[in-house]
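Q: Got a predicted structure plus its sequence, pasted below:
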Amino acid sequence: AAEVRAMIDSHHTPDEWKGAILIAALTGLRLGDVVSLNRSQVEGTRLTIRPEKTKRSRKTLSVPLTPPCIAWIGDKQGDLFPSLKTTKTGTLATTFVRIMAKTDIPRDVKMAGDIVGRRSFHSLRHSFTSWLAEADVHADIRQKLTGHSSAGVHARYTHHDDSLDRAVATLPDLWEQ
């Protein structure tokens, strides 16, 4: 969360990108879906979209918007990200990596077992899912919010760092010193 906040707060991050990062982190939407957002998809405090990846299956997502998202959207009309919408996805992905670099956020991170993970805009989707899991939001609800079609796919997006520690902390104290 601190790294996402750093990108949003950085003077190096253009305003449209600040909104795109904020909305992706707090809705779990993919890059293409975020940059294609239009004010007509905002209904009160909800965002209703048909994600690009699932257009053929005609799946529609309804995602509650958090107060920061609502505040960023404000009274904007039409496309929420007009300049980003006309940019090729590959260029957008590269620009996001540059934003990470300018805010001193490492692209590669070492995970358990000395596995190196490479972060991208899509990592915000993983963060969204993991933050909900850490807050003990049930997997069914997380899956519905992200629009994942199966529990197996959804499980790959959930990283339980803090909740594992909390779970072990509930075990009885069996050692007296």
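A: It's in.
Q: Only C-alpha atoms from now on, for both contacts and neighbour counts.
A: Will do.
Q: In contact with residue 116, which residues are there?
A: When contacts are counted by C-alpha atoms under 8 Å, 6 or more residues apart in numbering, residue 116 touches 108, 109, 110.
Q: That one falls within a helix, correct?
A: No: read with DSSP: H, G, I helix; E, B strand; the rest coil, residue 116 is strand and lies in no helix.
Q: If it is in a bridge, with which residues?
A: Beta bridges link residue 116 to residue 110 when assigned by DSSP bridges.
Q: As a check, name the ranges of all helices in this structure.
A: Along the chain, counting by DSSP state H, helices occupy 2-9, 15-27, 31-35, 67-73, 82-85, 89-102, 123-134, 139-146, 151-155, 161-169.
Q: Quick check: the gap between residue 96 and residue 172.
A: Relative to residue 172, residue 96 is positioned 45 Å away (C-alpha to C-alpha, to the nearest Å).
Q: quick one: which of the two has more around it?
A: For residue 96 versus residue 172, neighbours defined as other C-alpha atoms under 10 Å are more numerous around residue 96 (18 against 7).
Q: Excluding chain neighbours, give the residue nearest to that one in space.
A: The spatial neighbour of residue 96 that comes closest, neighbours along the chain excluded (C-alpha to C-alpha, 6 or more residues apart in numbering), is residue 121 at 6.4 Å.
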